[in-house]
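Enquirer: I would like to see how this sequence folds:
(chains A, B and C)
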Amino acid sequence: MEQVEKMPNVESETQKSKSLWVHAFNQLIADPFAKFSFIIVGLYALVAILSGLEVIAGNWDMQFGDGYSAPSLKHIFGTDLFGRSVFLKTIKGTEVAMSVGLVTAVISMIIGVALGATAGYFGGKIDEVIVWFYTTVTSIPYIMLLVAITFILGKGLIAVYLALGLSSWVNLCRLIRGEVIRHKDREYVHAAASIGASEFTKLFKHIVPNVLHIVIINFSLQFQVAIKSEVILSYLGLGVQGRPSWGTMINDAKQELAQGVWWQLAAATLAMFVVVLSLNILGDALRDALDPKLKGKK
Amino acid sequence: MSENQKILEVKDLVVEFNTDRGLITAVNGVNFEVYRGKSIGIVGESGSGKSVSALAIMGLIPNPPGRVKSGIIKYHGENLLDKSVGEMRKIRGNKIAMIFQEPMTSLNPVFNVGNQIEEVLKLHQPELSKEDRHVKGVEMLSLVGIPSPEKRYKEYPHQLSGGMRQRVMIAMALACKPDILIADEPTTALDVTIQAQILELMNKLQKDLGMGIIMITHDLGVVAETCDDVAVMYCGKIVEKSDVKSIFNNPKHPYTKGLIESIPSFDSTSGAAKGRLPTIEGMVPSLFELPEGCSFQDRCEFSTEDCRGSKGSPSLTKVNEGHKVSCFNPLQ
Amino acid sequence: MVPILLGTCFIIFVLFNMVAGDPTQLLLGKHATAKQMLELKRELGLDRPFFAQYLDIVKSAFTFDFGRSWSTKQEIIEMIKIGAMPSLTVSIPAFILSTIVSIAVSLIVSFFRGGKLDRIMVFACVAMMSISSLAYILFAQKFLAYELGLFEISGYEPGFPYFIPYILLPVLIWVVLNLGPDVRFYRTIILDEIYQDYVRTARAKGLSEKMILFKHVLKNAMIPIITYVVIQIPFLILGALLIESFFGIPGLGGITLNAINSSDFPVIRAMTVLSAVAYIIFSVITDVLYTLVDPRVRLK
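Expert: The predicted structure is shown next:
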């Protein structure tokens, strides 16, 4: 991993900001895959919001009939053990997935950027301590970290947010640190200092915008990793409680498959597949558009 | 060895690149010849097409995005552009060798120097035994003036200075005694003193081995020191071609004149002594929006209506014996 | 190394000894009396000062004396000794096979970079990564093992060669799960090298694209690849957590999972310490391996 951060970034000068962002956006829009993925993610977000506002799928826990009825025109994804619509559960699960993705990515972004920028910018002892801290965190297996945090916080959605967020910031922190180190001695930063910018202004107003592309790329990556991790937490019995999520639905399939009930697994997997794939494609497109170093290698 | 034996002839070479912003013609109808034991300098700013011409001779134009659209590269009577990939590989590094601008990164960091030299021999002279290769490799290192070659042989590129690395590159390129050596800015990345040493070495080796050299550079100083002939390139075309003396004494193209004048010198008649170093005004036009007519018109103090397209593009025309220029208003 | 280990132990200590709630409550249930809880605390050594507890964790990183499990009362080190073998019989073959397959595939796609095959494979990798690992396991167990009977559904028998039929499907799933992310990573590394100057030199020497890729590029790419591969090794123990539990393999993953389900802190802590120690050891090994492939490090 070290190699990656040491690689010189060909064009990350200050003036890149505007034109690069505009250029990147145009490139993104020109790529039909990326555009389509963007729309899909938007649709999922819309569904999640509507579900959160109880506009749709508010009646997910209603019993519609027999348990485990196979997919039909009435219930396109069939029903679960309690006769609840798998379709509505999937929608309700979208709310959990999207919120888990968003909140986790935000938490890990805040920690990663704050620590990474501080370490890279101030260097010296502060840097040593932060590097020591994240190396220490890396040495603990991800799953154990998740488990420990959920033990502390108890079970539930908030615990899932925090467990995933607090255990996933290291990579971003490392990247930001490397990038800030590369930027801090550039002329534009000295120029800012010479007109009396404070350390804080220099760091957050002048340097951070120049490493923003890494944050954005990482954000889309973190988003989908969190959605996938929610499934693992559910399997470990540490996931969300009392409401459907894709994780709990997939986890339920452990018992269901033996009885030939596949639709709950299929619905949750499909819903997850589409959004995670879209986020992946979007992440790749963002990387190609924002990180000129990698251009032409796709 | 007969004098003036033509070993390579480039005729009407056109190379195109497909870019994000559309098609560009990086090399547009270039002609030049390489003679045994002689050096031709190809001079121009970055983007003038000089390196692309060299890569075309090597058959190394990255495709896509680039491709040789038309032209002939005649080597010993055969057109290299008609050769198969396999045939070209037998020529590259063997008959036609190339060295590059970046000696720091052009050697593979994880193989030792000897290994990298022997690799060429193994490839092109498979009849040599392992011992023979070793002997020859060490010989090459001493030939390019590397002290204690036996010891250096086992060293890795990072243990050598830039100048040493360029010497290793030269040793590698000359290992199979090529007919032609293409040197793409071989000294640009080096210190001035090292630069002179490397150029001197190349001159000496050329005399010993009798190869033709294509010296690609943006530095007319390098040309003056090493070349017999010069071709000046601008925006994908050769604008002036002559022997090295005539071009320095009597440049015909305003661009060439500008280049010569902008060479810093301690000579009191020009440059530094008189104050500011003269420069060529303006910028090289983008290959996407080349003007009609002469590409140099916007930067040229002598340009007239003729240059702006009414008479088409200027073509390379003979002005003196062995001196051609592509200009409607050549200097006297 | 030592500061890292001390730090890791400290985090483990903070997580499990200081803030993870009162374990005696968990163990005794809601109706425990204060006296019972106090007794249990003394029995488990939880009434001792924090510093002593922290020191125990640090010590255990060297002595592997992790104490006894709260739920099974076994010596944890004995549990680990028993569980290690089944775990390793799955994870080692799986890891080796998956590394070879992923590197091979990424070399092939790099060779045909920009072409159809490359683009299809890159997309396939992303698509494969977009499916939950749980879904893979459930699907494979249900259809490949149960319906088609190609593999054992679950179970394990110790001893060579008896365990082989039981590890086939877990190994296959492991390879498939890792293919997407690994190929993407290796491909990026290899392509990073393909655009270096020394590759141009190799071409100018007349080498074929195959020779360039397999000799020049691969040897350079090995440097980051080795880091990536070696640093995964310490996580092999727990990496198979899901697979082990689904296929009823009585390994460390299963032990960890039971410990999580029963809030068996000493066992979870032991597994975490063990992984962290392994991580630190393997970081050192990575540094040593560097010197074998990278002459620039060797001579520093």
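Enquirer: Contacts for stretch B:4-22, please.
Expert: Surrounding stretch B:4-22, the residues in contact under the criterion Cβ atoms under 8 Å, 6 or more residues apart in numbering or on different chains are B:23-36, B:38, B:49, B:52-53, B:56-57, B:61, B:64-76, B:96, B:179-180, B:212, B:288. Heads up, the C-betas are built off the backbone N, CA and C, glycines and all.
Enquirer: If we go by neighbour counts, what in it is buried?
Expert: B:7-10, B:13-17 (16 or more other Cβ atoms under 10 Å in any protein chain shown).
Enquirer: Pick out whichever of the residues you listed sits closest to residue C:61.
Expert: Within the set of those, residue B:17 lies nearest residue C:61; the separation is 59.0 Å, counting by Cβ to Cβ.
Enquirer: how much space is there between the closest one and residue B:28?
Expert: 12 Å (Cβ to Cβ, to the nearest Å).
Enquirer: Ok, residue B:43 next?
Expert: Using Cβ to Cβ, which is the criterion applied here, residue B:43 is 17 Å from residue B:28.
Enquirer: quick one: which of the buried residues of stretch B:4-22 is nearest chain A?
Expert: residue B:17 (12.5 Å; Cβ to the nearest Cβ).
Enquirer: roughly how far apart are the closest one and residue B:52?
Expert: 8 Å.
Enquirer: what do you get for residue A:258?
Expert: As judged by Cβ to Cβ, residue A:258 and residue B:52 stand 66 Å apart.
Enquirer: which one of the two has more residues nearby?
Expert: Summary of the neighbour comparison: residue A:258 and residue B:52, criterion other Cβ atoms under 10 Å in any protein chain shown, with residue B:52 having more neighbours (23 against 11).
Enquirer: Could you verify my assumption that the more buried one touches residue B:67?
Expert: No: applying Cβ atoms under 8 Å, one finds residue B:52 not in contact with residue B:67, separated by 11.1 Å.
Enquirer: Quick one: find the helix or strand in the chain with the lowest mean pLDDT.
Expert: In the absence of a named chain, chain A is used. Within chain A, no helix or strand scores below helix A:2-6, which has a mean of 34 by mean pLDDT, DSSP states H and E.
Enquirer: not what I meant, chain C
Expert: Across the helices and strands of chain C, mean pLDDT, DSSP H and E gives its lowest value to helix C:236-239, namely a mean of 66.
Enquirer: measure stretch C:31-51 end to end?
Expert: Across stretch C:31-51, the terminal residues are separated by 30 Å (Cα to Cα, to the nearest Å).
Enquirer: meant to ask about stretch C:193-207
Expert: Using Cα to Cα, the end-to-end distance of stretch C:193-207 comes out at 16 Å.
Enquirer: in it, what's buried?
Expert: Of the residues in stretch C:193-207, those scored as buried under the neighbour-count criterion (16+ other Cβ under 10 Å) are C:193-194, C:196-207.
Enquirer: filter those residues down to the ones close to chain B.
Expert: C:196-198, C:200-207 (Cβ under 8 Å from any Cβ of the partner chain).
Enquirer: Can you list which of the residues you listed are found in helices?
Expert: Filtering those for membership in helices, criterion DSSP state H, returns C:197-198, C:200-204.
Enquirer: Just send those back as CSV, with pLDDT too.
Expert: Formatted as CSV, the entries for these read as follows, by pLDDT from 0 to 100:
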residue, pLDDT
C:197, 92
C:198, 94
C:200, 92
C:201, 94
C:202, 95
C:203, 94
C:204, 93
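Enquirer: and the residue of the stretch 1-150 of chain A nearest chain B?
Expert: residue A:27 (8.9 Å).
Enquirer: any idea of the mean pLDDT in the longest helix anywhere in chain C?
Expert: With residue count as the measure and DSSP H as the assignment, chain C has helix C:76-111 as its longest helix. Averaging pLDDT along helix C:76-111 yields 92.
Enquirer: quick one: it to chain centroid distance?
Expert: Shown here is helix C:76-111, whose average C-alpha point lies 9 Å from the average C-alpha point of the whole chain (Cα atoms, centre = their mean, to the nearest Å).
Enquirer: following it, which helix or strand shows up next?
Expert: Using DSSP states H and E, the helix or strand that directly follows helix C:76-111 along the chain is helix C:116-129.
Enquirer: Pull out the buried residues from that following helix.
Expert: Within helix C:116-129, the residues that count as buried by 16+ other Cβ under 10 Å are C:118, C:121-122, C:125-126, C:128-129.
Enquirer: are any of the contacts of stretch B:4-22 buried, and which?
Expert: Buried residues within those, counting neighbours by 16+ other Cβ under 10 Å: B:24-36, B:38, B:49, B:52-53, B:56-57, B:61, B:66, B:68, B:71, B:73-75, B:96, B:179-180, B:212.
Enquirer: Understood, closing this out.
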